[in-house]
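Participant: Dropping a prediction and its sequence here:
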Amino acid sequence: MNIIDPKLKFPRTRTKRKATTKIVIHHPAAATMTVEQIHKLHCDPPRNWNGIGYNLYVRKNGDIFLGRGIEYAGAHCTNHNNDSIGICFEGNYETTDTTMPAAQYQAGVWLIKDMIKRYPTITTIAAHRELGLTVCPGRYFPFRNMVVEAKGAEPVGTPQQPTTASTMKISQKGIDLIKNFEGLRLAAYLCPAKIWTIGYGTTKYPDGKAVKSGDTCTLQQAEQYLKNDCARFENNVRTVGGYLNLNQNEFDALVSFAYNIGSINQLTQNGTRTKKQVADSIPLYNKGGGVVLQGLVRRRAAEQALFLIPIGNVPATPSTPPNTPPNAFTGDLRAALKLGDNATASSILAATVTVGRAQNSKSASVIPIQRLLKQHGYNLGTSGTNKDGIDGSFGALSEAATKLYQRDIVKLKTPDGVWTGKTGASYRKALGIS
């Protein structure tokens, strides 16, 4: 096979890449698109880039074109443009293109092999979604097969073959988590997404009909709707349960997630993400109508906390919706204070110290506090390499976030931005102590 040079004209001088350690796979999310069209799209406002961002482009007929150029830094994957080769495959493999043409597939295999031969320093072949918040190159892109065939090994981020999860069901712990956050309504109501809902968050009845205005149900019917919905989302989670080798806590957390979102396909990238990538991504799904909703922030935090709890160390699920993710905070604070695994919330509270800008501003307790504030969606800014603001130093932003937490969650009339040790309301609320 040959790589075709389309003789593209670039607005500015291209910069050569500093290193080559990875290949990143993309699609343009367009069923039909030429390399020239992408080049123009990337040059024109609002992008105004220095031409096409991909280094190479593979069309459906198997033709391979130079884009930005093999040796140049691209503009295809934030934070990875200076050490990666971006290869884009014509098509929309998230929606319309469910099967890749054989000619394009074989061209992709050949091209990956060729890049590895040219650059022995390549150690990673990643789908764009593994390195950024995107679905690219799409759910139907044959990433795993292509990389395995080209490299002769498992691609980075791709799980091993399925084990067993075909019969796993949600436990009572998971059901309680769903009930806690969904609440119970025996008359139809409009949820924040403007969908008619009833019972424990049911939007469609077991017969497939949608809930509508004016509908009512009994408690028994609500329980049956919940059971039916759980069965549907259990099936969704089972599609990746074997690949990820889920335990019961992880399974329960993902069923709760699917129950709320509708599916775990995007969260898991159809089973191509690792457990760590899944866990790290759960808090990102906290918006309704494009707006961060504190209820979703709390739900995602609780689901992530449950997902991360090893089997055999599962605190009881609270009977009412938690205002904080106590499992995560309790565990973080217990570890920070160097207390034993069996330390109760009360004993943890007794060991706390006052934390504020003027006192213990860099104590071991600061990191757990900042994580809790971040989970609730409060802004902590950034600090050096700590892009999430969790830096272990209780400064002005941590104080401001604490005041908001005290106002919104603890319900203090006069928030002071200080975590008072041993008896303080902020610690007590976060630890689930009434």
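Facilitator: Now that the structure is in, tell me what you want to look at.

Participant: So which residue is dead centre in the chain?
Facilitator: The structure's the chain has its C-alpha centroid closest to residue 281; by CA atoms, centre = their mean the separation is 1.8 Å.

Participant: contacting residues around it?
Facilitator: Contact analysis of residue 281 by CB atoms under 8 Å, 6 or more residues apart in numbering lists 267, 273. Quick note: C-beta positions are derived from backbone N, CA and C, even for glycine.

Participant: Which helix or strand contains it?
Facilitator: helix 275-281 (DSSP states H and E).

Participant: just residue 372 next, same as before
Facilitator: With DSSP H and E as criterion, residue 372 is part of helix 366-375.

Participant: go on, residue 334?
Facilitator: Per DSSP H and E, residue 334 falls inside helix 326-336.

Participant: what's the model's confidence in the helix holding residue 372, averaged?
Facilitator: Taken as a whole, helix 366-375 has an average pLDDT of 83.

Participant: Give me the distance between the nearest residue to residue 32 once chain neighbours are set aside and residue 63.
Facilitator: Leaving out its chain neighbours, the residue that sits closest to residue 32 by CB to CB, 6 or more residues apart in numbering is residue 90, at 7.0 Å. Counting by CB to CB, to the nearest Å, the separation of residue 90 from residue 63 is 9 Å.

Participant: Between the two, which is the more surrounded one?
Facilitator: Neighbour count, other CB atoms under 10 Å: between residue 90 and residue 63, residue 90 has more, with 25 against 18.

Participant: and that one, what pLDDT?
Facilitator: Value for residue 90, per-residue pLDDT: 96.

Participant: just the one 3 residues further on next, same as before
Facilitator: Per-residue confidence for residue 93 comes out at a pLDDT of 88.

Participant: what's the answer for residue 43, then?
Facilitator: pLDDT for residue 43: 92.

Participant: Return the distance of it relative to residue 49.
Facilitator: When distance is defined by CB to CB, residue 43 is 6 Å away from residue 49.

Participant: With residue 217 instead?
Facilitator: 54 Å.

Participant: Neighbour count: the two, which is higher?
Facilitator: Higher neighbour count among residue 217 and residue 49: residue 217, with 20 against 17, using other CB under 10 Å.

Participant: What's the end-to-end length of stretch 78-96?
Facilitator: Counting by CA to CA, to the nearest Å, you get 26 Å between the two ends of stretch 78-96.

Participant: can you pull the contacts of residue 412?
Facilitator: Residues in contact with residue 412, defined by CB under 8 Å, 6+ apart, are 406, 425.

Participant: who touches the helix or strand of the chain with the lowest mean pLDDT?
Facilitator: Least confident element among the helices and strands of the chain, by mean pLDDT, DSSP states H and E: helix 326-336 (a mean of 70). Helix 326-336 is contacted by residues 301-302, 304-306, 308-309, 315, 318, 340-341, 343, 345, 348, 352, 364-365, 367-368, 371-372, 375, 430-432 when judged by CB under 8 Å, 6+ apart.

Participant: Report the next helix or strand after it in sequence order.
Facilitator: Following helix 326-336 in sequence, per DSSP H and E, is helix 345-351.

Participant: those helices in the stretch 201-350 of the chain, which residues are they?
Facilitator: In the stretch 201-350 of the chain, the helices defined using DSSP state H, counting those that start in this stretch lie at 219-244, 248-261, 265-268, 275-281, 294-308, 326-336, 345-351.

Participant: Can you tell me which of the ones you listed is packed in deepest?
Facilitator: helix 248-261 (a mean of 24; mean count of other CB atoms under 10 Å).

Participant: Just the CA trace of it, in PDB.
Facilitator: Provided in PDB are the C-alpha atoms of helix 248-261 (Å, rounded to 0.1, in the frame of the first residue of the first chain):
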ATOM      1  CA  GLN A 248     -21.300  -7.000  43.200                       C
ATOM      2  CA  ASN A 249     -20.600  -3.500  44.300                       C
ATOM      3  CA  GLU A 250     -19.400  -2.500  40.900                       C
ATOM      4  CA  PHE A 251     -22.400  -4.100  39.200                       C
ATOM      5  CA  ASP A 252     -24.800  -2.400  41.600                       C
ATOM      6  CA  ALA A 253     -23.200   1.000  41.000                       C
ATOM      7  CA  LEU A 254     -23.400   0.600  37.300                       C
ATOM      8  CA  VAL A 255     -27.100  -0.500  37.300                       C
ATOM      9  CA  SER A 256     -27.900   2.600  39.400                       C
ATOM     10  CA  PHE A 257     -26.000   4.700  36.900                       C
ATOM     11  CA  ALA A 258     -27.800   3.100  33.900                       C
ATOM     12  CA  TYR A 259     -31.200   3.500  35.700                       C
ATOM     13  CA  ASN A 260     -30.600   7.200  35.900                       C
ATOM     14  CA  ILE A 261     -28.800   7.900  32.600                       C
END
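
Participant: List of residues touching it?
Facilitator: 165, 168, 170-171, 173-174, 177-178, 181-182, 201, 229-230, 233-234, 236-237, 241, 244, 246, 264, 267-268, 275, 278, 282, 285, 296, 299-300, 303-304, 306-307, 309-311, 314.

Participant: average pLDDT across it?
Facilitator: If you average the pLDDT over helix 248-261, you get 92.

Participant: One more: stretch 127-140?
Facilitator: Stretch 127-140 shows a mean pLDDT of 80.

Participant: do stretch 338-345 as well
Facilitator: Mean predicted lDDT for stretch 338-345 stands at 75.

Participant: Residues contacting it, please?
Facilitator: 313, 326, 330, 334, 347, 348, 351, 364, 431, 432, 433.

Participant: For those, give me TSV that also has distance to residue 137.
Facilitator: TSV is the format used below for the contacts of stretch 338-345 (distance: CB to CB, whole Å):
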residue	distance to residue 137
313	38
326	39
330	40
334	42
347	50
348	46
351	49
364	43
431	44
432	43
433	48
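
Participant: show me the contacts for residue 421.
Facilitator: Here residue 421 is in contact with 352, 353, 354, 355, 427 (CB under 8 Å, 6+ apart).

Participant: and it, helix, strand or coil?
Facilitator: Assigned with DSSP: H, G, I helix; E, B strand; the rest coil, residue 421 falls in the coil class.

Participant: From residue 66, how far off is residue 175?
Facilitator: Distance, residue 175 to residue 66, using CB to CB: 55 Å.

Participant: ok and the helix holding residue 334 relative to helix 294-308, angle-wise?
Facilitator: Angle, helix 326-336 to helix 294-308, by axes from the mean of the first three to the mean of the last three CA atoms, to 10 degrees: 60 degrees.

Participant: was I right about residue 112 contacting residue 143?
Facilitator: No. The pair residue 112 / residue 143 is not scored as a contact, 10.8 Å apart, by CB atoms under 8 Å.

Participant: higher neighbour count, these two?
Facilitator: Per other CB under 10 Å, whichever of residue 112 and residue 143 has more neighbours is residue 143, with 27 against 22.
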